[in-house]
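*Asks:* predicted model and sequence below, questions to follow.
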Amino acid sequence: MRGVDLNLLVTLLVLLRERSVSKAAACLYLGQPAVSGALARLRLLFHDELLVRTPSGMRPTPRGIELQSQLLPLISDMQAVVLQQPAFDAATSDRRFVIGVMDWVNDWLLPDLLVRLAADAPGVSLTVLATDRFRFTELLQQEEVDLVVGPFSDGPRWQRNEPIATVPHCC
């Protein structure tokens with residue numbers, strides 16, 4: 001295992017899923033040359049082409065398919081171990097959260113939220129960043145906010161959203 005870079009295995013799984021160096025590079029936030037280089041190193045490591053070009057895109061070799069089935073559960077288990085966070089206890093936390101909201105969201109969200117925070121999470125502090133819906137994804141991606149509240153359209157795959165309320169517009 002001395003010469004094995006575990007990041008290469010993650011790259012291999014993304015390549016096998018996407019079946020395209022360019023698409024895998026985009027998923028991994030890497031340049032296409034970096035992923036091509038990783039594929040070359042993987043081919044040497046496993047003594048197999050792993051993915052071969054065809055007129056309809058890249059096709060995994062039998063060894064590539066075998067590795068995918070073996071590596072997927074291993075990488076998932078490693079992610080669970082590495083990314084496992086201690087349980088969040090609101091009553092004892094002293095964490096500061098930054099939320100991005102549109103101005104009209106302040107009116108219906110913050111009064112009740114602040115009362116609930118004072119009762120259930122007295123050590124938690126909240127910073128509110130006024131923004132607009134067109135910056136939501138950018139703020140999350142750059143980790144300028146922990147959460148945004150407002151009308152969402154579908155974003156990148158990593159971005160999760162969940163409805164918390166329906167607010168009727170009235171005049």
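*Replies:* Arrived safely.
*Asks:* use CA for all of it now, contacts and neighbours both
*Replies:* Fine.
*Asks:* most residues in a single helix of this structure, which one?
*Replies:* helix 62-83 (DSSP state H).
*Asks:* report the buried residues of that one.
*Replies:* 64, 65, 67, 68, 71 (16 or more other Cα atoms under 10 Å).
*Asks:* quick one: distance of that helix to the chain centre.
*Replies:* Helix 62-83 has its C-alpha centroid displaced from the chain centroid by 18 Å (Cα atoms, centre = their mean, to the nearest Å).
*Asks:* now swap in stretch 93-100 and tell me
*Replies:* 19 Å.
*Asks:* using PDB, write out every CA atom in that stretch.
*Replies:* Presented in PDB, the C-alpha positions along stretch 93-100 are these (Å, rounded to 0.1, in the frame of the first residue of the first chain):
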ATOM      1  CA  SER A  93     -23.300  23.900  21.700                       C
ATOM      2  CA  ASP A  94     -21.600  27.200  21.500                       C
ATOM      3  CA  ARG A  95     -21.300  27.200  17.700                       C
ATOM      4  CA  ARG A  96     -21.900  30.200  15.500                       C
ATOM      5  CA  PHE A  97     -24.000  29.700  12.500                       C
ATOM      6  CA  VAL A  98     -24.200  32.000   9.500                       C
ATOM      7  CA  ILE A  99     -27.400  32.000   7.500                       C
ATOM      8  CA  GLY A 100     -28.100  33.800   4.300                       C
END
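*Asks:* buried sites along that stretch?
*Replies:* Buried residues in stretch 93-100 (16+ other Cα under 10 Å): 98, 99, 100.
*Asks:* helices or strands next to the helix or strand of the chain with the lowest mean pLDDT in the packing?
*Replies:* Lowest on mean pLDDT, DSSP states H and E among the helices and strands of the chain sits helix 136-141, with a mean of 82. Contact partners of helix 136-141 among helices and strands, from 3 or more Cα pairs under 8 Å, 6 or more residues apart in numbering; DSSP states H and E: strand 147-149.
*Asks:* try 10 Å this time
*Replies:* When contacts are defined as 3 or more Cα pairs under 10 Å, 6 or more residues apart in numbering; DSSP states H and E, helix 136-141 packs onto strand 96-101, strand 147-149.
*Asks:* run through who's touching the shortest one.
*Replies:* This points to strand 147-149. Contacts with strand 147-149, where a contact means Cα atoms under 10 Å, 6 or more residues apart in numbering, come from 97-102, 105-106, 109, 128-133, 135-137, 139-140, 161-164.
*Asks:* all strands for the chain, in order.
*Replies:* Using DSSP state E, the strands of the chain run over residues 51-54, 57-60, 96-101, 125-130, 147-149.
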